[in-house]
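Chemist: Show me the folded form of this:
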Amino acid sequence: MMAARLPTTVTARGSFRALGCLSRPTKPPAPAAAVQCARAYSEGEKNPANIAGYHPGKVDKFALRATRKVKKGEQYPEEVSYDTMTAARDKLRVMVVTGLTVAAVLGSVWFIKKGKAERDHGDTLSKRNLARKEQWDAEKKAADAETPAADK
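Modeler: Predicted coordinates for the structure are as follows:
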């Protein structure tokens with residue numbers, strides 16, 4: 001009896017190995033050495049790799065105000081530290097998710113109460129569907145009665 005042959009694939013290095021095989025190279029290739037920037041910057045020019053602050057945009061300013069990193073009535077700073085901006089965004093993200101969760105819970109409770117009230121009044125989805133189907137059937141019969149029969 002012959003063993004089933006597994007399909008093979010070509011990896012990035014060009015070697016073949018069977019699908020599902022857990023064998024991997026023992027050592028990943030060493031990363032290339034970081035290349036130093038050879039350009040020298042003048043006094044008035046900033047090195048983009050060494051920016052000390054973050055310049056907030058409109059959404060970032062809203063995040064700073066909403067998370068109370070900037071007090072009401074104060075001017076927005078020209079530069080904000082990256083850590084402060086990250087903390088403000090994270091806090092705003094948590095606030096939005098919490099608000100959406102609360103809205104979903106309140107909406108589901110409201111729909112449950114609405115459904116129970118309709119059930120108590122005897123108005124159910126099945127009755128509405130049956131009434132709609134009867135209306136469609138009546139409209140179809142009226143349309144069929146209006147059109148003359150085709151000659152045979």
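Chemist: Please spell out which residues along the lengthiest helix in the chain are buried.
Modeler: Counting residues, the longest helix in the chain under DSSP state H turns out to be helix 82-121. By neighbour count on 16 or more other C-beta atoms under 10 Å, the buried set for helix 82-121 is Thr84, Met85, Ala88, Leu92. (Glycine included, C-beta is placed from N, CA and C.)
Chemist: and those residues as JSON lines, adding distance to Val102 and pLDDT?
Modeler: Shown next, in JSON lines, are those (distance: C-beta to C-beta, whole Å; pLDDT from 0 to 100):
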{"residue": "Thr84", "distance to Val102": "27", "pLDDT": "86"}
{"residue": "Met85", "distance to Val102": "26", "pLDDT": "87"}
{"residue": "Ala88", "distance to Val102": "21", "pLDDT": "90"}
{"residue": "Leu92", "distance to Val102": "16", "pLDDT": "93"}
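Chemist: Helix or strand: which one has the nearest residue to Lys72 once chain neighbours are set aside?
Modeler: Of all residues beyond its chain neighbours, the one nearest Lys72 is Arg65 (7.6 Å), with distances taken as C-beta to C-beta, 6 or more residues apart in numbering. Take DSSP states H and E as the rule and Arg65 turns out to sit in helix 58-66.
Chemist: Show me what that helix is packed against.
Modeler: helix 82-121 (3 or more C-beta pairs under 8 Å, 6 or more residues apart in numbering; DSSP states H and E).
Chemist: name the helices or strands packed onto the following helix or strand past the helix it packs on?
Modeler: Next helix or strand after helix 82-121 toward the C-terminus (DSSP H and E): helix 125-146. Packed against helix 125-146 by the contact rule (3+ C-beta pairs under 8 Å, 6+ apart) you find no helix or strand.
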